[in-house]
Each structure stands twice: as structure tokens, then as C-alpha cells.
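> one predicted model, sequence on top.
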Amino acid sequence: MKRSVKTILSLSVTVLLLLAAILWQLSTGDIHLGIGETLRAAFNLAPDQTAWFVVWQLRMPHLLAAVITGGALAISGMILQTLTRNPLADSSILGINAGASLGAVLLIGASSVYHFHYSDNGLALVVLLGALLSALLVFFVNRQGSATRVLLGGVALTSVLNGIILLIQLQLNQFDFEEALIWLSGSFWDTDMGFLMRYFWLYLVLLVLTLFAMRLLSGLTLGQEMALAIGVNVKSAQRLLMLLAIGLTTVAVSVGGAISFVGLMAPNIARRLVGARPRFQLPLSWLLGTLIMVVADVIANNGFGKVTLPVGLIVAMITMPYFIYLLFFQKRKS
Amino acid sequence: MKSRRVGLALLIGLLIVSAGLNLLGGPKWFALNTLFQSSTHLSTQVLWRMRIPRTLCALMVGALLAVSGQLLQTVSHNPIADPSILGINSGATLALIIGGVSGISLTVGHSVVLGLIGAVVAFAVVMLLSVSHNGIDPLRLLLGGTVFSGFISCISYAVSLVTNTTQAFRNLLIGGFSGVEYAQVALLAVVFVIVFGLAFCFCSGFTVMSLDQQTSRGLGVAQGHLWVVATLLIVCATGASVAVAGNIGFVGLGIPQLINTIWPGSFKQNLGFTMIGGAIFMALADLVAKTVIPGTELPLAALSAIIGGCFLFAIVAFGERVIRE
């Protein structure tokens, strides 16, 4: 198949799938809505009261959260994979997720010990701090731009942080333990529209900035020498992209807890479909990340009867088989 | 050569001291002579029934984990390899949870078998994923292992959440040696004898294997057979350890490295050293876990993960050569 045909085809198929998934997400649940009904409620075309309430009050927040986390994680994953030149990198491998989680667990733990109540914004702030600190630590080992060191540093840091998290977590009572665990495996823990909208704006800003930085990303895909040759300031480009990736991860983690694997998988799938051309890979990763999150959210809420699983677990289960398949087949090729 | 002998004496001395401390220390410290009083004393009974099995388990698990780490590092040509990084531990944990949920009573024998099955499957998957045409790709082994390990932990949690058994999950996460009995000691002893017997039998082969592939093939070492033996040993040692003491990291990574830094040597020369080093570390770590905060036991899994992670971070940040490219 010609490359351009394949590109257009995969982009449009993904868009269609995403639209279908969104429709599925809005219509499925304890109260099942017909497609027409859902559409009327979503676009405010004289819907009946129940449908409007279900769509806008119950399901829209979840959809919004899925869109934010999926897109943000996918793009940050793609940036990190380009920076470290390794297809296995993402924010969870680099310890950023673990840092954010440690922040959250610390706050949950402290609130149960000292009996204070934390606001959701407070939690989000602590998460941001944790993510920033761990990212700084990991990139501290980045001497002479060695990507291997960054990756391994991330693995090491993840181990330390997870140990500390476990230590704190096990001191908590059963209730707080479960709350921390749910947060750690990733779920949309606050579905208040106002809370989500704040993050949505932040997410949009970062997204636009990433679009502006696309040229740098394309430059770096060629390798450092080539990037220098075509006039990219490699050092500052790396730093800028890194900041963007951390920012996007933090937004995602604040909304959805420590969700991993989306940032790993979406860019990988996109690269297989359209090749390492950021111009196409970026939008496709974004679409795929969102798609994965939306589908995972539907399954998490409806797939297991009365139990609602954390959405992060479902993401892992959907994407992991593909990841294993990928590793097998990359091997044959190389 | 002389420094080695001194070192060996030193290590053995340390081993005896740390084992003694581990035996006598705890929520309540006992005097050594309690051990030899008549068995009607409560404290003597405590020592014989609870403390001694615990100490023995700690020593053997430490030695087993350290040696499996050394083996893994040797055969994968990779200084940063550890069973816990490669998902072997989480595989064993998952098997134990699934076993518990599906109604198998977790007696000693059952849990060891389950742990072994989990370890074997996880290890096989990670290895298959990281083998490429020119042997094992170290970076791929590590990253693939980390990702896979995360995935398995996810499944463990999901299983326990769906079946409403998070309490059991929590207990598995804690790990540690509290409540071990002579049954576990016997089981570990069997594994211990097998692993060390085989390790000593094949140690020349493993030493040659640590050279590059052409050389070792030239010297007439059958790589395939040794791979099978090494895998078998690693899986046995890790599976049994996880089944008894839960998910313990670091020992496999740090002890061989430390020993090799102090006394640089081949696999064969350092096997005994590593083993004793692992046992010392585990005895001391267990002592810390049970004495630092009176009344509670710190989770050994968390302690070892923290120490191990810091150690690994130091290697990565300050080491000369992190990984064999």
C-alpha cells in the first residue's frame, strides 16, 4: 500500500473509531440510552430530562477526563520516546508517575494520621510537586545526554519511590489503603465538572505549545547531528520538550491517577501505522491515546458487573497483549 | 590471595554475629543462654519454635536471592539484573493470589509450588521478549521486564479487587519472615541444597560464560545447556523465596555487585562470598524490620525496594559503564 494512502486511511479510521467509542461511552451504563437519544442530549436538541441529566451530569465528566488523560499521556509518551530514542520509554518508566503517586499517598497518609481534610486542588498540587521532583532527579543523571542512563535512572527511582509508597501505604488503615491503591492504579477520582474544566484548559494550552514545538520534535527524530545541521538548538529543544512532557504528564496524573501504558502504547501503534514522522505520528498518537482511554473507561464501568475497576487496570489489560506482540515482532525485524 | 582469605574469615565472622543478633533480637531481646535452658521456659520455647526458624529462613533466602542475582548478571552479561526487576517476583505473587482466590489452601507446599509456577512463567515471558539474534539485549531485558512486571502487578490487584480479597493482597505485599515455621525451613533447605549443589557443579561453566560469546564457544562451553541450568536455578531460588518471604528486591542486585567491588573476581571465586553476603544482609534487614519500630513490623519488601533502588540509582548516576552495549 502506498504510504500516503496508509496514513490517510489510518488517521480517518481512528477518527471514526474514536467517534464511535465516544458515542458508546455516552450511551452505555446502568441507564442505557439509544443512539438518537444520546445525540439529541449531547447537542441539546430538545432532549428529555433524564437523558440530558445522564449524558451531561454522569457521563460527560468521565468522557472529559478520558480525553484529557489519554491525549496528554500519549503525547508526553511520544515526546519522551523521541528524546530518549527508545520506544519503551514513557512517563511511568521514567519514574514521573511514581513521584506523583508518592505525593498523593503522602497526602492521603498524612490526612489520616493528623485528621485533616484535604481539598482536591491540594492533592493535585502535591501531585505536581512529586512529578516535578522525580523528573528533575531522573534527568540529573543525564550526563552527556546518555539516554540509557535516563531510562535506567527512571527504573531505579521507580523502585525507590514504590518502596516508600508501599511503606506508607501499609501503615494506613484498610479504607485509606484501598483509596491509595485505587489512586495508584489509576482512576478518575474527581469527576466534578469545574475541577475537570480547569485541567482541560491547561491541557489545551500545553497541546497548542506542543504543536508549536513540532518542528523541534521532527528535528530530533533525525538524530542529534542532523538536528544540529538543520539548525535546531538541540540542548534547548530537549529541555523545552522535556518540560512539555512533564507538564502533560502532570495534568494527566492529576486527573486520572497513576495511569501507565497509554503513553507507551499509543505512540508505538502510531509509529507502526504512519512511521516516525511527527507531523502524522503526533495527531495519530493523540487520537489513539484518547481512544484507548475512552474504551477503557467504558469497560471499567460496565464490564465487571457491579464492581467498578480502576480505569488504569483496564488500560493495562487492553494494551499489554499488543505490547508483547510488538516486542516479539520488532525482534524478528531487527 | 591473602586478602581473599582474610575476607572470607571476616564474612564468616559477620555471618555468625548477624545470625546471632537476628536470633536474639526482636520485640523482646533474649540472652544467649536462654537457648539452653530447660524447654519448659516460655522464652526458650519462643526461641526454639519461632526465632530459630525465622533466622534460618532469613539466612537461606538471602543466600538464594544473592546467588540468583549473580547468576542472572553473569549469564545476561549485564551488571544491572535482578529477579525483582525482571518481573519474576511479581509473577510469583500473581500466582499466589490466583491460587488463594481459586480456593487452594495456601499451605507451605502449595504456596511454594504456586510461587514456582508464577516465577517460571514470568521469567520465560521476559526472556523470550528480550532475546534477539545476537543474544540478550540488556536494555530491552530491563525495560521489557519492568513494563511486564508492572502489568502483572496490575492484574494481581485487579483479581483481588474483583474477588473482594484486597486484605489478602495486602498481606502478600507486606512480605517478610514473621510466622515462618520449620516446614518452610525444610522446604527452603531442599531448594538451597539443590541450587548450591548445581551452582558449584557448573560454576566453571558459568565463569567461562561470563566471557564474550566467541571466546566461550571457542573454549567448548555448551551455551544452551548452561542457559537451561542457570534459568532453572534462578527460577527455583526466586520462586521459593517469594513463596516464603514475599517480594524482596535488592539482594540479587546489590550483594553480587558489592562483593565484586570489594573482591573483584570471577563467578567461581565469588560464589561463596556472594552467598554469605546475601545471608548477612538478609539477617540484618530482618533484624531492622522487626526491631526499629516496637510493636509493628516494617514491610521487608518496601525496605529492600528502597535500599535496592537507591543503590541502583547510585550505579546509574555515578557508575563508569552502566550497561554493556
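Arrived safely, thanks for sending.
> quick one, phi/psi of residue A:115?
phi 50, psi 50 (degrees, to the nearest 10).
> ok, it to residue A:121 distance?
With distances taken as CB to CB, to the nearest Å, residue A:115 is found 20 Å from residue A:121. Heads up, the C-betas are built off the backbone N, CA and C, glycines and all.
> the more surrounded of these two?
residue A:121 (12 against 7; other CB atoms under 10 Å in any protein chain shown).
> wasn't that one part of a helix?
Yes - using DSSP: H, G, I helix; E, B strand; the rest coil, the assignment for residue A:121 is a helix.
> just checking, residue B:298 touches residue B:288?
Yes - counting by CB atoms under 8 Å, residue B:298 touches residue B:288, with 7.2 Å between them.
> who has more neighbours out of the two?
residue B:298 (20 against 15).
> burial of the nearest residue to that one once chain neighbours are set aside, as a residue count?
Using CB to CB, 6 or more residues apart in numbering or on different chains and skipping the chain neighbours, the partner closest in space to residue B:298 is residue B:289 (4.5 Å). Counted with other CB under 10 Å, the neighbours of residue B:289 add up to 24.
> residue B:289: what secondary structure?
From three-state DSSP, the assignment for residue B:289 is helix.
> that one is in contact with residue B:302, isn't it?
No - using CB under 8 Å, residue B:289 is not in contact with residue B:302; the gap is 9.3 Å.
> so how far is the one helix or strand residue A:320 maps to off the chain centroid?
Assessed by DSSP states H and E, residue A:320 sits inside helix A:311-333. Centroid separation for helix A:311-333 versus its chain: 16 Å, with CA atoms, centre = their mean, to the nearest Å.
> and stretch B:266-279, by the same measure?
Per CA atoms, centre = their mean, the centroid offset for stretch B:266-279 relative to its chain is 13 Å.
> hmm, who's touching that stretch?
B:4, B:7-8, B:11-12, B:14-15, B:18-19, B:58-60, B:62-67, B:70, B:74, B:196, B:199-200, B:203-204, B:206-207, B:210, B:251, B:255-256, B:258-260, B:263, B:265 (CB atoms under 8 Å, 6 or more residues apart in numbering or on different chains).
> mind saving the C-alpha coords of that stretch as CSV?
Extracted in CSV, the C-alpha atoms of stretch B:266-279 (Å, rounded to 0.1, in the frame of the first residue of the first chain):
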residue,chain,number,x,y,z
SER,B,266,35.2,-14.5,38.6
PHE,B,267,31.8,-16.2,39.2
LYS,B,268,33.6,-19.2,40.6
GLN,B,269,35.7,-17.3,43.0
ASN,B,270,32.9,-15.1,44.3
LEU,B,271,30.1,-17.6,44.5
GLY,B,272,30.7,-18.4,48.2
PHE,B,273,31.3,-14.8,49.1
THR,B,274,28.1,-13.7,47.4
MET,B,275,26.1,-16.4,49.2
ILE,B,276,27.4,-15.4,52.6
GLY,B,277,27.0,-11.7,51.8
GLY,B,278,23.4,-12.3,50.9
ALA,B,279,22.7,-14.2,54.1
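> for that stretch, buried residues please.
For stretch B:266-279, burial by neighbour count (16 or more other CB atoms under 10 Å in any protein chain shown) applies to B:266-279.
> now, the most widely separated pair of these?
Farthest-apart pair in the buried residues of stretch B:266-279 is B:266 and B:279; separation 20.9 Å (CB to CB).
> how near is residue B:210 to residue A:312?
With CB to CB as the criterion, residue B:210 and residue A:312 are 40 Å apart.
> would you mind telling me which of these two has the busier surroundings?
The neighbour comparison of residue B:210 against residue A:312 (other CB under 10 Å) goes to residue A:312, with 31 against 15.
> tell me how many other residues crowd the nearest residue to the more buried one once chain neighbours are set aside.
Sequence neighbours aside, residue A:186 is the residue nearest to residue A:312 in space, at 2.2 Å (criterion: CB to CB, 6+ apart). As a burial measure, residue A:186 scores 32 neighbours (other CB under 10 Å).
> didn't residue A:186 look like it was pressed against residue A:314?
No - applying CB under 8 Å, one finds residue A:186 not in contact with residue A:314, separated by 9.1 Å.
> distance check, residue A:156 against chain B.
4 Å (CB to the nearest CB, to the nearest Å).
> ok so, going back, selecting buried members of the contacts of stretch B:266-279 in ChimeraX, what would you type?
In ChimeraX, the members of the contacts of stretch B:266-279 classed as buried (16+ other CB under 10 Å) are selected with the following command:
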select /B:11,14,15,18,19,58,59,60,62,63,64,65,66,67,70,74,196,199,203,206,207,251,255,256,258,259,260
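> residue boundaries of the strands in chain B?
B:131-132, B:135-136 (DSSP state E).
> how far off centre is stretch B:159-178?
20 Å.
> quick check: residues of the stretch 201-334 of chain A near chain B?
Taking CB under 8 Å from any CB of the partner chain as the test, the list of the stretch 201-334 of chain A residues beside chain B reads A:260-261, A:264, A:304, A:307, A:309-310, A:312-313, A:316-317, A:320, A:323-324, A:327-328, A:331, A:334.
> now these: which count as buried?
In these, the ones that pass as buried (16+ other CB under 10 Å) are A:260-261, A:264, A:309-310, A:312-313, A:316-317, A:320, A:323-324, A:327, A:331.
> could those go into JSON lines alongside pLDDT?
Below are those laid out as JSON lines (pLDDT from 0 to 100):
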{"residue": "A:260", "pLDDT": "80"}
{"residue": "A:261", "pLDDT": "83"}
{"residue": "A:264", "pLDDT": "87"}
{"residue": "A:309", "pLDDT": "81"}
{"residue": "A:310", "pLDDT": "84"}
{"residue": "A:312", "pLDDT": "85"}
{"residue": "A:313", "pLDDT": "85"}
{"residue": "A:316", "pLDDT": "84"}
{"residue": "A:317", "pLDDT": "84"}
{"residue": "A:320", "pLDDT": "81"}
{"residue": "A:323", "pLDDT": "77"}
{"residue": "A:324", "pLDDT": "75"}
{"residue": "A:327", "pLDDT": "71"}
{"residue": "A:331", "pLDDT": "54"}
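> can you tell me how far the closest residue to chain A within the stretch 1-150 of chain B is from residue B:200?
The nearest approach of the stretch 1-150 of chain B to chain A comes at residue B:143, 4.0 Å away (CB to the nearest CB). Counting by CB to CB, the gap from residue B:143 to residue B:200 is 33 Å.
> point out where the stretch 201-334 of chain A drops to low pLDDT.
In the predicted model, the stretch 201-334 of chain A carries pLDDT under 70 at residues A:328-334.
> swap in 80 and give it another go.
Regions of the stretch 201-334 of chain A meeting the criterion pLDDT under 80 cover residues A:220-235, A:258, A:276, A:303-308, A:322-334.
> same deal with the stretch 51-200 of chain B?
For the stretch 51-200 of chain B (pLDDT under 80), the answer is B:75-89, B:100-112, B:127-144, B:146, B:157, B:160-180.
> would you map the helices across it?
B:52-75, B:88-101, B:108-130, B:138-162, B:166-174, B:182-201 (DSSP state H, counting those that start in this stretch).
> so where does the residue of chain A most remote from its centre fall, helix or strand?
Distance to the chain centre peaks in chain A at residue A:46, reaching 35.0 Å (criterion: CA atoms, centre = their mean). Secondary structure from DSSP H and E places residue A:46 outside every helix and strand.
> so what does residue B:27 look like in phi/psi?
phi -50, psi -30.
> residue 76: neighbouring residues, count only.
Just so you know, I chose chain A. The burial count for residue A:76: 33, using other CB under 10 Å.
> nope, chain B please
Residue B:76: 21 neighbours (other CB under 10 Å).
> separation between it and residue B:140?
Relative to residue B:140, and taking CB to CB, residue B:76 is found at 11 Å.
> before we move on, what about residue B:147?
In terms of CB to CB, residue B:147 sits 10 Å off from residue B:140.
> for residue B:117, same thing?
Taken as CB to CB, the span from residue B:117 to residue B:140 is 25 Å.
> so for those two, which sits in the more crowded spot?
Shown here are residue B:117 and residue B:140; by other CB under 10 Å, residue B:140 has more neighbours (21 against 18).
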